[in-house]
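> predicted model and sequence follow; I will ask about them next.
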Amino acid sequence: MLLMKLWSWQKENLPSIGHSIRTALSVVVARLVQMPEAYWAAIATLVVMQSTLGATLTLSVARIVATAVGASVGALESNYFGANLAAFMLAIFFIGVLSFGFRLERTAYRYASVTLTIIVLIPRANPAWIVGLHRFIEVSVGIIVALAVAAFWPERSAIAAKNADV
C-alpha cells in the first residue's frame, strides 16, 4: 500500500519548478553582492517562499526582524563572552524576552535563536559583528528575492487553473 502511495502523485502536490528557479535566483543575487556565505540567501528563500505574495510577506517580515534580533544579540554575546555556555544560555533567554517584547511568534523566536547559535557557536576568522551583519544581509537578500519573485511571478495554484479551464 505504501509503495502505491509513492507512485500515485497528485498534480497539486508535485514540486514546483518555479520555486526551484526562485531559490536559484536568490543564490545568484547573493553571489552578485559578493556575500561570503550565499547559501543563507537560498535557505531564507526556501523558508519564506509561499504560494501568494501576502503569505510570503507576512513570513518575511517576521524572518527579517528575527534575524536582526538574533544577529544583534549574537554579535554582542560573542564579542563580550565568546562561546561561553552560560552566556549563550542567557543570550537565548534574552532573545525570548525580546521576542515577547516585539510580539514575535514562536517561529520567529526560533529563527532568532538559530541566528544567534550560528554566530556564537561556529568559529570564524571575522569579528562577530561582521558575521552577524553578513548573516542579516544574506537572509535579507533571500527574502527580498522571494518577495520580488512572488510579486512579479505569482504561482498559479491548481485550483485557480481548474477554475480558469471551466
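Okay, I see it. The shown structure was predicted, so the numbers you read here are calculated from the model rather than taken from an experiment. Residues are numbered from 1 along each chain as shown.
> how close does the most centrally placed residue in the chain sit to R63?
For the chain, the residue nearest the mean C-alpha position is A44 (2.8 Å; Cα atoms, centre = their mean). From A44 across to R63, the span is 7 Å (Cβ to Cβ, to the nearest Å). Backbone N, C-alpha and C define where each C-beta goes, glycine included.
> count of residues packed around E105?
E105 has 12 neighbouring residues, counting by other Cβ atoms under 10 Å.
> next one: phi and psi at it?
phi -80, psi 170 (degrees, to the nearest 10).
> ok, and the closest non-adjacent residue to G142?
Of all residues not flanking G142 in the chain, A44 sits nearest, at 3.0 Å (Cβ to Cβ, 6 or more residues apart in numbering).
> and the pLDDT at that neighbour?
pLDDT recorded at A44 is 78.
> so it is in which element?
A44 is part of helix 39-48 when elements are defined by DSSP states H and E.
> tell me the helix or strand right after that helix.
helix 53-81.
> tell me how far T107 lies from T115.
13 Å.
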